[in-house]
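[1] curious how this folds, go ahead:
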Amino acid sequence: MILQPASRPLRCWLTALLSAWVTMVFVSSALIVLRGVPSVMTRSGVGHPGAIAATWRVADEMGPVVKLLMVVLLAALLEPGERWLRANPARHAPSLAWWPYAVNVTAGVAAMLLTLALVPAAFSRGFGIGLTGARFDPAVLPLYFASGALGAVAYTVTRARCRTRAVP
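    Sure thing, here's the model as predicted:
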C-alpha cells in the first residue's frame, strides 16, 4: 500500500502512540509480576506458570477505562511537547538529541500519574487503587513511573523511525 505524504504524519503518530500505550500497559504488568505483588491483590493471581503468562493476565485484568484514560492522557500530554519541539528547531541539533526523549518521558510519567489520580476507584480494576487498595501505593508507584517513561521512549523511537523512512 502506497501512502500519500499527507497521511504519513498521522500514521506515524498513531503507530508511535500505539507502541507507547502497549509498552506502558505490558511493562507495568511485567514489573508488577517481577516485583512479586501478592497474588491476593489481583483477581486472577500472579502465580501462573511463566512470567509471560502472568504478565498477560495482569495486563488483561487492567480495566478498559484505565487503558483508555491512559492513552488519551498520553496523547494529550505529548502534543504540547511536540509543538514546543517543532517551535524550537535549535533543539534538533545533534548535541541536543536527548531533548525529544526528555520532553516525552516527562509526558509519559505525567500521563501515568494523572491516570492513577483520575481513574475512579470503581473502574480501576487491576491498576492503582483497584490493584493494591491505595491510589499511590509506594510499592507499585515506581513501577508505574518506569513504565510511563519506557512508553515515552517507545513513542519517541517509533516516531523518529517512521519519520525517517522514505515514502515508497
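[2] any idea how far residue 13 is from residue 79?
    9 Å (C-beta to C-beta, to the nearest Å). All C-beta atoms are positioned from the backbone trio N, CA, C, and that covers glycine.
[3] who's more crowded, those two?
    Using other C-beta atoms under 10 Å, the more surrounded residue of residue 79 and residue 13 is residue 13, with 19 against 12.
[4] now do the contacts for the more buried one.
    residue 159 (C-beta atoms under 8 Å, 6 or more residues apart in numbering).
[5] what helix or strand does it sit in?
    When elements are assigned from DSSP states H and E, residue 13 belongs to helix 8-35.
[6] chain center to that helix: distance?
    Between the centre of helix 8-35 and the centre of its host chain there is 5 Å, according to C-alpha atoms, centre = their mean, to the nearest Å.
[7] pull the helix or strand just after that helix out as CSV, backbone CA atoms only.
    Downstream of helix 8-35, the next assigned helix or strand under DSSP H and E is helix 51-61. The C-alpha trace of helix 51-61 is given here as CSV (Å, rounded to 0.1, in the frame of the first residue of the first chain):
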residue,chain,number,x,y,z
ALA,A,51,6.4,-14.8,33.6
ILE,A,52,4.9,-14.1,30.1
ALA,A,53,1.6,-15.8,31.0
ALA,A,54,1.5,-13.9,34.3
THR,A,55,2.2,-10.6,32.6
TRP,A,56,-0.5,-11.2,30.1
ARG,A,57,-3.0,-12.0,32.9
VAL,A,58,-2.2,-8.9,34.8
ALA,A,59,-2.4,-6.7,31.7
ASP,A,60,-5.7,-8.4,30.8
GLU,A,61,-7.0,-7.7,34.2
